[in-house]
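Novice: Quick one, fold the following:
(one chain, ligands or ions: 1)
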Amino acid sequence: MKKILSATVVICLIFASCKNSKDGNAEMDRFIDDLMSKMTLEEKIGQLNLPTIGFDITGPVLSKDVEQKIEEGLTGGVFNTFTPQAMLKLQEIAITKTRLKIPLLFGYDVIHGHKTIFPIPLGLSASWDTALIRSTARAAALEASADGLNWVFSPMVDIARDPRWGRVSEGAGEDAFLGSAVARAMVEGYQDGCLRKNTSVMACVKHFALYGAAEAGRDYNTVDMSEVKMYNEYLPPYKAAIDAGVGSLMASFNTVNGIPATCNTRLLTDLLRRQWNFKGVVVSDYTAIAELENHGLGNRQEVSALSINAGTDMDMVSEYYLTQLPALVREGKVKESVIDIACRRILEAKYKLGLFDDPYRGVSQERADKEIMSADKLALSKEAAIKSMVLLKNNGVLPLSKDKKILFTGPLADDHRNLIGNWSGAGDSKKSVSLWEALLKERTYMYAKGCNLTDDKTLIDKLNPHDGQIVPDDKTPQELLQEAVKMARSADVVVAVLGEPFGMGGEAASRSNIGLLENQKTLLAELKKTGKPIVLVLMNSRPLTLEWEDKNMDAILETWYSGTMAGEAIKDVLFGNAEPEGRLTITFPRNTGQIPIYYSYLNTGRPDDENQKYTSKYLDCPNTPLYPFGYGLSYTQFEISPVTLSDTTLAENGSLEATVTLTNKGTRRGTETVQLYIRDLTGSISRPVKELKGFEKVTLEPNESRQITFTVTPEILKFYNASLQYTVEQGDFNIYIGNSSATENKTAFTYKP
Ligand code: BGC
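Specialist: Reported below is the predicted structural model:
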């Protein structure tokens, strides 16, 4: 009985301590009032300072400077260091040597896993499996918290429709509805409903706002966007993360309609605080406050005042707040109350994380050893890799039969570094499993490297100083090519594993041409001449232009960079031990000239018509993409019946059911992602030709059928009108249910309030 009682008490305590100030946590308010009443202006400003600190694999390298600042109470947290030892050492300085003993935040870019690496976020989103995505974030939180971190700079929820932008790899693709679902899942996974738990980390939704719409796909570039587009198509995922309780938010590098986000009051105060009621911490991006000088917003003093007044609470790396704010307050250019608000938010985050009670959060080497890369996390990594792979083409050559003579070729067939992709700083690529290693566990196949990742010296010189690790082979490119072609002639099937070096994705990695690299294309062209069936396995961080490959390859499997267990997962999919079940979350264009291209475009007054000259189209290519949003093949064939509706009229406060029957017509078990789209046929503003409003993943045995029903309510028909009111308008709607955004399987209903 006693045991049961104490368990109940513990649960109640945890529940109570997870309340935040929004729920009226008077205790927290009292604690912080008391603490702040003892703080000097300098100490308050110190909390707003977030320096980076170097890390070395043999142990923490502490910059003397940062250590001293911690001791002087001039640092709210640090980032770019992990390991229990680093955290324990630095936290001890804050707790034992500073006047007020305020614990530190420990941040890091945990983007798709901490040490067990999962597929890059774009790949993970292609699973359309929010439970899986939540589990990967949870696993990352377990590892990161065991490694001394309490803050992760994730999820990145920027809607991205320009594959030239290297950072498309970091988000969930082009769609606001799916992006919102992924944002929620990730916040839930990281924070686990209670920041106070030692196994939770505070999430940081980024980059607010609209970073993904950088002009010309060039990183850090300008964004200019109508408010209607912003509210309907780009802002929902940030809002979803906030509604899910995300503890912090990062302002983006870009300007939004002329004003850099870092000092954009309309974004950071009017929208974020007033409209959305966000209570958490706003941190700048890396040196973004200093960069306001380059944006032409003023000198050091001026940009510091602009940023704090606009609502950026914490200064990542610039140290402008630390050096400028004291004088600005004394000169009356920044009110001390503004500093107080920012400082309070940071202290609240620390309070919610439980740092004032337990600054070390149970971190120890033993815990890290138990948690990091545990068997269950590696299994999850493999599952996530399998579920994120998208079969783009298959003429029947896949799955491969083990009885065939198979040549594996391409520089990524036996590679480790690229498998874990970009933003995998804590990951150890040596621990990732290459495809070739996975294959060798069972038996040996033919192997020839075929080509280098690239022979482009200029590109190598750009990538290698940043951990690019592109090492040209000792053999000449001609020798590599001839060897592969010769072996291909004696093979039954060729599997070419090609793609981008990982450094071509992520930050500051925009491309103006998004095809396969020239030397890799040459390999494919020469292999094609042998007449052997070719399976192209891709590893890359963005949509590529693959028109030639689509015409000439027998199968194309998009694997992204699928993480620590990539090789095992790819092997299972190639040989049919697992089904490829990913579906694209970003459109693959035919060529770079089509960009930006996305499925939810607005109709023009002159929609594409091949027989009419004066219509909206290209002379040299169709308007349609090569592979649309939502697309992906299975090893089996699915059929979706016409859509039936429970009613053709939807009333205010009413709902109707839209139903299809999904049938597995093939001979293998498989999983389909059934997608619901709507089109608002008339509105007070022009509305997209299709918008995703629901999806469901369904696994069926051969010949099995299942009815899939979606509930349509007025809520899902809402949008922001020209006055930015979130509303639903009377009128006719099309409703589509299919297996990609290209579906024409539709029916219609009327909304009559
Ligand atoms: C990136 C952020 C990242 C930050 C800290 C910046 O350059 O834009 O996404 O969280 O660095 O590493």
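
Novice: How about the residues of the stretch 251-400 of the chain by the ligand?
Specialist: Neighbours of the ligand within the stretch 251-400 of the chain, by C-beta under 6 Å from any ligand atom: 285-286. Placement of C-beta: from N, CA and C, glycine included.

Novice: Pick out the residue in the stretch 251-400 of the chain sitting closest to the ligand.
Specialist: The ligand sits closest to Tyr286 of the stretch 251-400 of the chain, with a gap of 3.8 Å, by C-beta to the nearest ligand atom.

Novice: Which residues are in contact with that residue?
Specialist: Tyr286 sits next to 52, 316-317 when contact means C-beta atoms under 8 Å, 6 or more residues apart in numbering.

Novice: Looking at those residues, state which has the most neighbours.
Specialist: Counting neighbours by other C-beta atoms under 10 Å, the top entry in those is Met316, with 24 neighbours.

Novice: Next one: Phe749 from Leu419, what distance?
Specialist: Phe749 sits 47 Å away from Leu419, taking C-beta to C-beta, to the nearest Å as the criterion.

Novice: so how far is Leu267 from the residue of the stretch 251-400 of the chain closest to the ligand?
Specialist: The spacing between Tyr286 and Leu267, counted by C-beta to C-beta, is 18 Å.

Novice: and what of Glu174?
Specialist: Here the criterion is C-beta to C-beta. By it, Glu174 lies 21 Å from Leu267.

Novice: Show the contacting residues for the residue of the stretch 501-650 of the chain found nearest the ligand.
Specialist: At 5.5 Å from the ligand, Glu507 is the closest residue in the stretch 501-650 of the chain, using C-beta to the nearest ligand atom. Taking C-beta under 8 Å, 6+ apart, we find Glu507 in contact with 166-167, 219, 422.

Novice: ok, which pair from those is furthest apart?
Specialist: Pairwise distances across the contacts of Glu507 (C-beta to C-beta) peak at 12.5 Å, for the pair Asp219 and Asn422.

Novice: Give the intersection of the neighbour lists for these two.
Specialist: Joint contacts of Asp219 and Asn422 (C-beta under 8 Å, 6+ apart) are 166, 507, 509.

Novice: returning to what we had before: adding secondary structure, write the contacts of Glu507 out as TSV.
Specialist: Shown next, in TSV, are those (DSSP: H, G, I helix; E, B strand; the rest coil):
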residue	secondary structure
Gly166	helix
Arg167	helix
Asp219	coil
Asn422	coil
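
Novice: So for these, which is the shakiest by pLDDT?
Specialist: pLDDT is lowest at Asn422 among those; the value there is 93.

Novice: Next, the contact list for that residue, please.
Specialist: By C-beta under 8 Å, 6+ apart, the contact set of Asn422 is 120, 166, 169-170, 502-503, 505-507, 509, 541, 561.

Novice: make it 10 Å
Specialist: Shown in contact with Asn422 (C-beta atoms under 10 Å, 6 or more residues apart in numbering): 111-112, 120, 166-167, 169-170, 466-467, 502-507, 509, 541, 561.

Novice: all strands for the stretch 651-753 of the chain, in order.
Specialist: With strands called from DSSP state E, counting those that start in this stretch, the stretch 651-753 of the chain shows them at 656-664, 670-680, 691-700, 705-712, 719-720, 726-727, 731-738, 746-752.

Novice: Quick check, pLDDT for the residue in the stretch 101-250 of the chain positioned nearest to the ligand.
Specialist: In the stretch 101-250 of the chain, the residue found nearest to the ligand is Phe153; the distance is 3.5 Å by C-beta to the nearest ligand atom. Looking at Phe153, its pLDDT is 97.
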